[in-house]
Every structure is written in C-alpha cells, then in structure tokens.
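Trainee: From the sequence below, what's the structure:
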Amino acid sequence: MNDNAKSGGNSRRRAALALARWLATKEFPSGMLGDGPERAFAQDLAYTAIRRLRPLRKILGLFAKTWPKGELEALLYIGAAQLLYMDEVPDFAAVSETVEAAKMCANPSVARVVNGVLRNMIRRRAEIDAALATMSLAERESFPGAIVRRWIARFGEENAQKLCVWHNTPAETFLAYPGGRFVKLERGRKVSEVDGYRRGEFIVQDPATALATRLVDAQPGEKILDACAAPGGKCVQLAWRGAEVTACEVNPRRRRTLEENLARLSLAGVKTTGSLDFDGSFDKVLADVPCSNTGVFRRRPDARWNWSEEKLAALAKLQAQILDQTARLVGPGGSLVYSTCSNEPEENRMQIDAFLARHPEFALAGDCESLPFESGHDGAYAARLDKIRA
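Mentor: Next up, the predicted model:
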C-alpha cells in the first residue's frame, strides 16, 4: 500500500480541520496544517478537496439528505476527494481512515454519516461517473464559470481544458540556484533536507519567475529596487548577480518573511524597507505586483474561489498605481520591469499599453508570457520598459 494511504486518521483529521476553517473563513489553508511527518499528506488531502470543491459539492448533494456543516462537511469532502481524485489511495483506506478521523469528533453520529455516505459512493460509482461526464468544463474541472469562459474566448476550448487540468495537478517544487539553474525536487522530499539548505545555497522558485529576472538583466554594482519584494525569490536572484538591491515590502508580516529568507541566504547586503518614499533613483526597478494569481492556481488552490471580475478590476487599478509610483524612481536611461503571476490580459499587456499611453518617456523593450499548457511551468508575464527620456 502507498505510504500516503497508510497515513492514519490523524492526517485526515488534520486536513478536515484545516478545510473546515477554510470553508468558514477563507484563510489560506497552508498555515493551518501544522508541521510533522503527516503534514505533506494532510496538505494533499486538503488541497485536493479545495481544488475539486465544485464537483465534490454536486456529487455529495446526491448522497446527503440535508447539507452538512462544520467538521462533517469537511470530512465528507476529504473522503470523497480520496475516492474520486486520489487514485493512489485505495477505497477501503479512504473510507476506514476517514471514519477513524470522524470518530475524533465530539458528536458520535458524524462517523456513522461519513461511513454511510462514502460506502454509498463506492456502490454508486457508475452513477457518479455519469454525472461527472455531463458537467460543463467549469463545473467538472472545478473553476468559476466566468474565468473558464474567459479562457475559452482567449485560448480556445481545447487549450482552456488543458489549462484547467494543469491547475488541478499538484504543483512540483523547484529549487533555484545561482546562475539561473533550476532543479526539480522529488515529490515527498522536504526542502529543509536538501544539502545546502542551511547554507543558503538555493531558494524555492518556479522557472517561470525567470521571465522577470532575465528582463531585469541585473549587472554587478547596479542599484536595483525590488518594489514588491516578499517573499524574496526575485530579489535573491538579483542579488546573486551582484546588484545592490533595495527590497521594499509594505506589508509588515510579509516583510518579516522576506527578512527571514534573506537571513537564511546570508544576503545581509540587501537593504529592506517598508516604503517607496525615496529621494534618489535606481538603475532598474522591478515591480512584481499583487495580482489575481491565475497563473499559480495549482499552487494556490483556494485562489480560484477568491477570483471575480470585480476583484480583477480592483487589482488592475492597484497595479496601475504601483507602475506610476515606481516609474518616478527609474533613473535616466534606466528600466522598469513589470511582472505578474497572472495570465489575464487586463493585468498584463493591456496594463502595459495603458502605462505607455500615460508615460511617453518610456518605451517597451520587450515582454513575454508563460502559458502553462505551453511552457510546462507556472503562468507568468513580464515586460521591460526602458526610460528613453527624462
């Protein structure tokens, strides 16, 4: 039996508690899973349930007489996710271990309900498969309908389906080393166990982030501002190239994370700040702006449920403000590199075109985009804007 399948009720219990809290608060679930040897499987359970929430909700509706709440709802999602989407877990283990987790609840009826629903799902699997086959792409692959319609309009139905399937695949972990080398970490291995971790020889970063750092093209001795720096991956890449980096992060909690990462990497020469209020200018400025995260839905499975047209418009407005604010910090002959982990035009090329219309002193030197169904990596966009006159 797969080691994950043998992880007992504690893993399911941990995943269910994190999921129940997420359902109630929409807080990012990663911080609710705790540490220890069972964390990885618990995270896989919770993330699979969140990714597949839409079809799971519809399928469970066929089996639950009244819609469950709290821990019972979370446990049913966890159990159903194993039966329908985690092939490495045998059905008997999915049922028995989820029931064991349910027995830890104060209400003894929870375990009876979980046992009955999950066993009924196994008996009626053909009916479930037929129901899944009749669902729309958005419903079957578990995305808001509005964003799937956008992807179909832009990429066509075949590529939109590829994109949905990509984002429903558990994310790989890549280690980035100086010199632009990326190494994929074998699944199940902890980053902290890799040789060189404590010596700060690498960072965790997807190869798609290289789009932005390549456009910055940091040179030794250049003064570079990373305007939205946390958690610090791109900032580290710039410092590794010998640039004098100032890393700005206005969010105090995220700035602490940035400073902890810089300390582990022994990059004491990188200056950190919480404000973009500078008197002088920089050779280059990187604005890796807050975005809708549509390029990293597989890493942030909860982000798809936070997405809306209204939030996209609000983010585009914020991004324009950051671009305008950072443009004034670019010195004569310098460059402003804009990047997102989004694949939405309003946050990418449309944002750049609008900026150039407002700022004729800049010219587009080049832009690039990572589309997961083409690149095999996270979705991302980057553009380099050269300051051609004062």
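Trainee: use CA for all of it now, contacts and neighbours both
Mentor: Will do.
Trainee: Looking at residue 23 now. What's its pLDDT?
Mentor: Note on residue 23: pLDDT of 95.
Trainee: looking at this, it is in a helix?
Mentor: Yes: counting by DSSP: H, G, I helix; E, B strand; the rest coil, residue 23 is part of a helix.
Trainee: how long is stretch 198-208 from one end to the other?
Mentor: Stretch 198-208 has its terminal residues 25 Å apart, counting by CA to CA, to the nearest Å.
Trainee: I'd like to check what contacts it. Which residues are they?
Mentor: If you take CA atoms under 8 Å, 6 or more residues apart in numbering as the criterion, stretch 198-208 is touched by 173-178, 182, 192, 196, 233, 264-266, 370, 377-380.
Trainee: which among those residues end up buried?
Mentor: 173-177, 182, 233, 264-265, 370, 377-380 (16 or more other CA atoms under 10 Å).
Trainee: Among those, which are located in helices?
Mentor: 233, 264 (DSSP state H).
Trainee: Using a markdown table, please lay out the buried ones among the contacts of stretch 198-208 together with pLDDT and distance to residue 297.
Mentor: Compiled in a markdown table, these are given as follows (pLDDT from 0 to 100; distance: CA to CA, whole Å):
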| residue | pLDDT | distance to residue 297 |
| --- | --- | --- |
| 173 | 94 | 14 |
| 174 | 96 | 16 |
| 175 | 96 | 19 |
| 176 | 95 | 21 |
| 177 | 95 | 24 |
| 182 | 96 | 21 |
| 233 | 93 | 19 |
| 264 | 88 | 28 |
| 265 | 90 | 28 |
| 370 | 98 | 14 |
| 377 | 96 | 12 |
| 378 | 97 | 9 |
| 379 | 98 | 9 |
| 380 | 98 | 12 |
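Trainee: Take the buried ones among the contacts of stretch 198-208 and keep only those in strands.
Mentor: Secondary structure from DSSP state E places 173, 174, 175, 176, 177, 182, 370, 380 of these in strands.
Trainee: The first one contacts residue 188, correct?
Mentor: What that stands for is residue 173. No: distance between residue 173 and residue 188: 9.8 Å, which falls outside the contact criterion (CA atoms under 8 Å).
Trainee: Quick one: neighbours of residue 363, just the number.
Mentor: 17 (other CA atoms under 10 Å).
Trainee: cool, the one 10 residues further on as well?
Mentor: Residues lying near residue 373 (other CA under 10 Å) number 18.
Trainee: Tell me the pLDDT of it.
Mentor: On the pLDDT scale, residue 373 gets 96.
Trainee: quick one: the strands in the chain?
Mentor: Applying DSSP E to the chain gives strands spanning 173-177, 181-185, 203-204, 223-226, 244-248, 271-273, 282-288, 330-340, 362-370, 380-387.
Trainee: Direction included, what does the fifth one pair against?
Mentor: Neighbouring strands of strand 244-248 in its sheet, by DSSP bridges, are strand 223-226 (parallel), strand 271-273 (parallel).
Trainee: quick one on the thing from earlier: would you reformat the buried ones among the contacts of stretch 198-208 as TSV and include distance to residue 87?
Mentor: Formatted as TSV, the buried ones among the contacts of stretch 198-208 follow (distance: CA to CA, whole Å):
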residue	distance to residue 87
173	21
174	24
175	27
176	31
177	34
182	29
233	34
264	38
265	38
370	30
377	24
378	24
379	27
380	30
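Trainee: Name the nearest of the buried ones among the contacts of stretch 198-208 relative to residue 81.
Mentor: residue 173 (22.5 Å; CA to CA).
Trainee: where's the residue nearest to that closest one when sequence neighbours are not counted relative to residue 252, distance?
Mentor: Among residues not flanking residue 173 along the chain, residue 185 sits closest, at 5.5 Å (CA to CA, 6 or more residues apart in numbering). Note on residue 185: its distance to residue 252, by CA to CA, is 30 Å.
Trainee: Switch the ones in strands among the buried ones among the contacts of stretch 198-208 over to TSV; also include distance to residue 85.
Mentor: Listed next are these as TSV, based on distance: CA to CA, whole Å:
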residue	distance to residue 85
173	21
174	24
175	28
176	31
177	34
182	29
370	27
380	27
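Trainee: thinking again about what came up before, residue 185 and residue 252: who's more crowded?
Mentor: residue 185 (15 against 11).
Trainee: That one and residue 383, how far apart?
Mentor: For residue 185 relative to residue 383 (CA to CA), the value is 29 Å.
Trainee: Helices of the stretch 51-200 of the chain, start to end?
Mentor: Secondary structure of the stretch 51-200 of the chain (DSSP state H, counting those that start in this stretch): helices located at 53-61, 70-85, 91-102, 109-123, 125-133, 137-141, 145-155, 157-167.
Trainee: same for the third one, what does it pack against?
Mentor: Looking back up the chat, that one is helix 91-102. If you count contacts as 3 or more CA pairs under 8 Å, 6 or more residues apart in numbering; DSSP states H and E, helix 91-102 packs onto helix 3-6, helix 9-25, helix 70-85, helix 109-123.
Trainee: re earlier: quick one: which two of the buried ones among the contacts of stretch 198-208 are the most distant?
Mentor: 264 and 370, at 29.3 Å, using CA to CA across the buried ones among the contacts of stretch 198-208.
Trainee: what's the least confident helix or strand in the chain, going by average pLDDT?
Mentor: Lowest on mean pLDDT, DSSP states H and E among the helices and strands of the chain sits helix 3-6, with a mean of 43.
Trainee: Show me the shaky parts of the stretch 251-390 of the chain.
Mentor: Nowhere does the stretch 251-390 of the chain drop to pLDDT under 70.
Trainee: Which segments of the chain make up each domain?
Mentor: Domain assignment for the chain, taken from automatic domain parsing, gives 3-135, 173-387.
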